[in-house]
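Engineer: need a 3D model of the following:
(chains A and B)
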Amino acid sequence: MDKILRVNMGAKGGPKFTVEPIGVYTGLGGRALTSAIVSKEVPPTCHPLSGTNKIVIAPGLLSGSIAAMSGRISVGCKSPLTGGIKESNSGGQPSQVLARLGYAAIVLEGKPEGDDLYTIYINKEGVKITVNNDLRMLGNYDTVSKMKEKFGDKIACISIGPAGEMRLPAASVAFTDMELRPARHAGRGGPGAVMGSKGVKVIVLDDTDMPMRQPKDPERFKEANKVFIEGLLKHGVTGQALPAYGTNVLANILNEAGAYPTYNFKQGTFAGVAKISGETEAALETERGGVPTHACHRGCVIRCSGIYNDKDGHYLSKQPEYETVWAHGADCGIDDMDKIAMLDFLDDNYGLDTIEMGTTIGVAMEAGFLKFGDADGAINLIHEVGKGTPLGRIIGSGAALTGKVFGVERVPVVKGQAMPAYDPRAVKGLGVTYATSPMGADHTAGYATTANILKVGGFVDPLKPQGQVELSRNLQIATAAIDSTGMCLFIAFAILDQPETFQALIDLLNAFCGLSFTGNDVTEYGKKVLTMERDFNIRAGFTKEQDRLPEFFKTQEIPPHNVVFDVSDEELDEVFNW
Amino acid sequence: MKNKTRAVLENCPGVRIEAGEALFPYFRPIFQSGFLFRCQVGKSIEDLLFRQLSLKKLFVEEKISTVFLDGQCVDDISRTILNDDSVVAFSSALPGLVGATLRRGGFYACLRNSITYRKKDMSVDARQGTITIKLFNLLMEELGPVFLRKGIIMGCSAIVGFLQEQREAFWKEIHAAYLGDNIIAPRDLSAESTYGNGDYITIRIDDRDKFQ
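Structural biologist: Numbers count the residues shown, from 1 in each chain, chains lettered A, B, ... in the order given. Have a look, this model is predicted:
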């Protein structure tokens, strides 16, 4: 993984590629690498769909090795949704395959003059770029089927659906899972639109005959991986709750806490939650011959995903995640799990971010365009997006724009990006991260619950409300570091509670890369990533005024606790003062 | 709780089912939606778990990591007092920052400061009362049978609706059913007429193995 593939889509005479050494980016992977390239090479004030924007696809530092959980892949660009820097990451197979092919990143640059669509095929022999207009406006599932027919089933695909081709700001980039289903997505912030602007429909990866990446210190690496896996399997969250119920296990407790945004963030509890909870979802999957415990990539031992079948036992979608079920469910007043799974499939197939779409439809419902609970109406709206009708293009542009078009005040976005499934009035600490993350409202930006072990910025008294700012800072730093390793963020639970598992992660990195990282070094790594991202946004014109939640969170109480978001602007401005 | 309702709950008819352990998982929808439970109120949640339900300390400490009282996050179960009408929810450890944040006594408790339970300045006399219990995720499997063996209370229409949705496999698990002291056909449990004009019903399950 010591080379970067650069494809200039705007080269004279058609796309041209170069393969160059990783050079100044040595030691970076995943989010650290995508943010470094975007920050250094993309003009911050450029139009996100212009030829000067770049889209960077990078596996993590440990991807392609036998390290458990190391299959995340990062996608970076200037976001057409937020106007700032974006790193959106995904599971699936491509991270492992791309890393085994030796690439630290693929960088798509420039912009083709015509409107041809391209396929990029990469294997051990090299890179082949071909025009493939037969794929125009195909969904991700059909696109991958055609690639399978052409290249066989030993491939992994990175593709966009019609939403990406139409350059809609809610468009995702799809990654295939172990069964070659394009069901894993880098959804947040519209990276699919940037890939679409480059004219690239699909990147096909074939790592046949390529060996696993080998660690610098094999014995130490093997031992660390063993301890790491044992730690994950013995922990209650990673060893039991996630495999049994998936991420949607959160629905019931968020609802119980009054922090489950319902009817477009109008209230914090949803009467129909038991019909769409993770417990119900897993039971349905089992009953219909689906799978409630399934890995999204090889080497995953948590296996929080699943297969959701319809009533007749046929594949309908992958197990919809917590945020998807919330966005298309409670936020829209929909309590029909089958309809939610259908919405999940349509989002995946058209290539759309499920959080953005669910929230956007919730805003449209708030406007009276549809009634809350109208599942068929919601499905029709997603079809409108897929077809590219004028209405569909509005919806596919996300919640902020849809709120403006329909005249809605309560639009839950930060930096133009829809807020995920946790109400910041009830869990205010999350609101601090939503407000200040360089990514816009993002539940994963401050997700890695390792800050107490890292002790970034000193010890924080968890019982004092003032700790929220410090904790948000520490969590964002820890998350940025983990996002760079290629590790799934879900490892955070085990390394939070089990110091020996955290140490095993550090040992894995050190043994693999021949480093001698300490916890402090990891902290500095995370800070470096965040500093680059903040700097890009400042140069793009962002000010502290963008580090705020929408006004309604400060003025409209959310039942049942009837609380507002009352962390002061001055406190928010302290988050990045380190 | 109104005296009239309290009296109804104290005297509601009881159904006893003799069945195998395989029957318990069918009650998951009820566990997560909530059921009524007779217990001593004016006592702490800790008292409910340790003394009244006889749960082991290690189980409570390791498995019941998240507790809500009336929608508020509980940090100290020994200082949280139950009252008539209390709604108590139990969950195992959950993912995400939010999962860690909602845990009792967790490092990230300050992130949900505004929804944390705080001890009220009021005393509640210790007496028999009725609370609502909700069980989520892994605790449905592990605590659900504990409550069913002791007897849970549900509205008659809710239990009839639940039973009418059950398929053959559910009924096959039932060895015998009793309404009060009278044996009845298991399928009659799903008939509204079985319960007359009653509002609530107590359901208790005895493991069939004990009777073989």
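Engineer: for chain B, what's the nearest residue on chain A?
Structural biologist: residue A:429 (2.5 Å; Cβ to the nearest Cβ). Just so you know, the C-beta spots here come from the backbone N, C-alpha and C atoms, and that holds for glycine as well.
Engineer: need the contact list for the closest residue to that residue other than its chain neighbours.
Structural biologist: Once its chain neighbours are removed from consideration, residue A:429 has its nearest residue in residue B:111; the separation is 2.5 Å (Cβ to Cβ, 6 or more residues apart in numbering or on different chains). Taking Cβ atoms under 8 Å, 6 or more residues apart in numbering or on different chains as the contact definition, residue B:111 lies against A:427, A:428, A:429, A:430, A:467, A:468, A:471, B:97, B:101.
Engineer: which residues touch the second one?
Structural biologist: The neighbours of residue A:428, taking Cβ under 8 Å, 6+ apart as the test, are A:468, A:565, A:566, A:567, B:111, B:112, B:113, B:114.
Engineer: between those residues, which is closest to residue A:126?
Structural biologist: Of all the contacts of residue A:428, the one sitting nearest residue A:126 is residue B:111; the distance, using Cβ to Cβ, is 49.6 Å.
Engineer: give me phi/psi at the closest one?
Structural biologist: In this entry, residue B:111 is assigned phi and psi values of phi -70, psi -20 (degrees, to the nearest 10).
Engineer: residues contacting residue A:64?
Structural biologist: Counting by Cβ under 8 Å, 6+ apart, residue A:64 touches A:1, A:70, A:95, A:96, A:97, A:98, A:99, A:100, A:212, A:213.
Engineer: just the pLDDT for the fourth one.
Structural biologist: To tie it back to what came earlier, the one meant is residue A:96. For residue A:96, the pLDDT comes out at 96.
Engineer: using the three-state scheme, assign residue A:341.
Structural biologist: helix (DSSP: H, G, I helix; E, B strand; the rest coil).
Engineer: so it sits against residue A:324, correct?
Structural biologist: No: checked against Cβ atoms under 8 Å, the pair residue A:341 and residue A:324 is beyond contact range at 9.0 Å.
Engineer: would you mind telling me which of the two has more residues around it?
Structural biologist: Neighbours were counted for residue A:341 and for residue A:324 using other Cβ atoms under 10 Å in any protein chain shown; residue A:324 has more, 28 against 25.
Engineer: rebuild the contacts of residue A:64 as CSV, extending it with neighbour count.
Structural biologist: Shown next, in CSV, are the contacts of residue A:64 (neighbours: other Cβ atoms under 10 Å in any protein chain shown):
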residue, neighbour count
A:1, 22
A:70, 30
A:95, 33
A:96, 29
A:97, 31
A:98, 27
A:99, 29
A:100, 22
A:212, 13
A:213, 19
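Engineer: in PyMOL, select just the buried ones from the contacts of residue A:428.
Structural biologist: Applying 16 or more other Cβ atoms under 10 Å in any protein chain shown to the contacts of residue A:428, the buried members can be selected in PyMOL as follows:
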select buried, (chain A and resi 468+565+567) or (chain B and resi 111+112+113+114)
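Engineer: just the ones of the contacts of residue A:428 in strands?
Structural biologist: Among the contacts of residue A:428, DSSP state E puts none in strands.
Engineer: from the contacts of residue A:428, which is closest to residue A:80?
Structural biologist: Of these, the one sitting nearest to residue A:80 (Cβ to Cβ) turns out to be residue A:565, at 27.4 Å.
Engineer: distance of the closest one relative to residue A:421?
Structural biologist: Residue A:565 sits 16 Å away from residue A:421 when distances are taken as Cβ to Cβ, to the nearest Å.
Engineer: what about stretch A:562-574, average pLDDT?
Structural biologist: Averaged across stretch A:562-574, pLDDT comes to 92.
Engineer: coming back round to it: show me what contacts the residue of chain A closest to chain B?
Structural biologist: Residue A:429 makes contacts with A:468, A:471, A:472, B:101, B:108, B:110, B:111, B:112, as judged by Cβ under 8 Å, 6+ apart.
Engineer: where exactly do the helices run in chain B?
Structural biologist: With DSSP state H as the criterion, chain B has helices at B:3-10, B:28-33, B:45-47, B:57-63, B:96-102, B:138-150, B:156-164, B:168-172.
Engineer: and the second one, what other elements does it pack with?
Structural biologist: In this case it means helix B:28-33. For helix B:28-33, the packing partners by 3 or more Cβ pairs under 8 Å, 6 or more residues apart in numbering or on different chains; DSSP states H and E come out as helix A:273-276, helix A:278-287, strand B:127-135, helix B:138-150, helix B:156-164.
Engineer: and the ones you listed as a markdown table, adding distance to residue A:337 and mean neighbour count?
Structural biologist: Shown next, in a markdown table, are the helices and strands packed on helix B:28-33 (distance: least, Cβ to Cβ, whole Å; neighbours: other Cβ atoms under 10 Å in any protein chain shown):
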| stretch | distance to residue A:337 | mean neighbour count |
| --- | --- | --- |
| helix A:273-276 | 5 | 22 |
| helix A:278-287 | 6 | 21 |
| strand B:127-135 | 19 | 20 |
| helix B:138-150 | 17 | 19 |
| helix B:156-164 | 18 | 16 |
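Engineer: turn those into JSON lines, columns for distance to residue A:330 and mean pLDDT.
Structural biologist: Putting the helices and strands packed on helix B:28-33 into JSON lines (distance: least, Cβ to Cβ, whole Å; pLDDT from 0 to 100) gives the following:
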{"stretch": "helix A:273-276", "distance to residue A:330": "7", "mean pLDDT": "96"}
{"stretch": "helix A:278-287", "distance to residue A:330": "13", "mean pLDDT": "95"}
{"stretch": "strand B:127-135", "distance to residue A:330": "17", "mean pLDDT": "94"}
{"stretch": "helix B:138-150", "distance to residue A:330": "20", "mean pLDDT": "95"}
{"stretch": "helix B:156-164", "distance to residue A:330": "22", "mean pLDDT": "93"}
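Engineer: among those, which is nearest residue A:353?
Structural biologist: Counting by Cβ to Cβ, and looking across all of these, nearest comes helix A:273-276 at 19.4 Å.
Engineer: list the contacts of that closest one.
Structural biologist: Here helix A:273-276 makes contact (Cβ under 8 Å, 6+ apart) with A:248, A:251-252, A:255, A:260, A:280, A:325, A:329-330, A:334-337, A:340, B:29, B:32-33.
Engineer: and that helix, how far out from the chain middle?
Structural biologist: Its chain's average C-alpha position is 24 Å from that of helix A:273-276, according to Cα atoms, centre = their mean, to the nearest Å.
Engineer: before we move on, what about stretch A:114-128?
Structural biologist: Averaged over its C-alpha atoms, stretch A:114-128 has a centre that lies 25 Å from its chain's centre (Cα atoms, centre = their mean).
Engineer: quick one: buried residues of that stretch?
Structural biologist: The neighbour-count check on stretch A:114-128 (16+ other Cβ under 10 Å) flags A:116, A:117, A:118, A:119, A:120, A:121, A:122, A:123, A:127 as buried.
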